[in-house]
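Enquirer: heads up, no residue letters with this:
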């Protein structure tokens, strides 16, 4: 971060430098409503070394790039609202994708 004065200010550098970095905490939640009760891993990345810088980069990229996220559902209420507006014919099919994060 030495030569990045044009991208990141000195004040931001101090904020982005993690003083006491820690490995992310790993918790597990059981999915009781699914057969076989799979486990959903949950990571708390707030104290991870790259958490603050990744947030900054996401914000900068979102401001610079005009990406249309029209295939992303915000929540179940928004999904229900969008589905009620659809005109569904007999030959239409609906599919959903469940995105899962791989842990290496």
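Expert: Arrived safely, thanks for sending. Just so it is clear, the structure is predicted and the values come from calculations on it, not from any experiment.

Enquirer: hey, let's count contacts and neighbours off CA atoms from now on
Expert: Fine.

Enquirer: Would you map the helices across the protein?
Expert: Taking DSSP state H as the criterion, the chain carries its helices at 10-16, 51-64, 76-84.

Enquirer: Including distance to residue 92, mean pLDDT and mean neighbour count, could those go into TSV?
Expert: What follows is these, written out as TSV (distance: least, C-alpha to C-alpha, whole Å; pLDDT from 0 to 100; neighbours: other C-alpha atoms under 10 Å):
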stretch	distance to residue 92	mean pLDDT	mean neighbour count
helix 10-16	49	84	13
helix 51-64	34	83	12
helix 76-84	13	86	10
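
Enquirer: measure residue 83 to residue 72 for me?
Expert: Using C-alpha to C-alpha, to the nearest Å, residue 83 is found at 13 Å from residue 72.

Enquirer: repeat for residue 38
Expert: From residue 38 to residue 72 the distance is 24 Å (C-alpha to C-alpha).

Enquirer: With residue 96 instead?
Expert: Distance from residue 96 to residue 72, by C-alpha to C-alpha: 11 Å.

Enquirer: Count the residues that sit near residue 85.
Expert: 8 (other C-alpha atoms under 10 Å).

Enquirer: Quick one: residues contacting residue 79.
Expert: Neighbour list for residue 79: residue 73 [criterion: C-alpha atoms under 8 Å, 6 or more residues apart in numbering].

Enquirer: Could you check how far it is from residue 46?
Expert: 29 Å.

Enquirer: Please apply the same query to residue 27.
Expert: Taking C-alpha to C-alpha, one finds residue 27 at 14 Å from residue 46.

Enquirer: rewinding a little: between residue 38 and residue 72, who's got more neighbours?
Expert: More crowded of residue 38 and residue 72, by other C-alpha under 10 Å: residue 38, with 13 against 8.

Enquirer: ok, that one - contacts?
Expert: Contacts of residue 38 (C-alpha under 8 Å, 6+ apart): 30-32.

Enquirer: Alright, that wraps it up for me.
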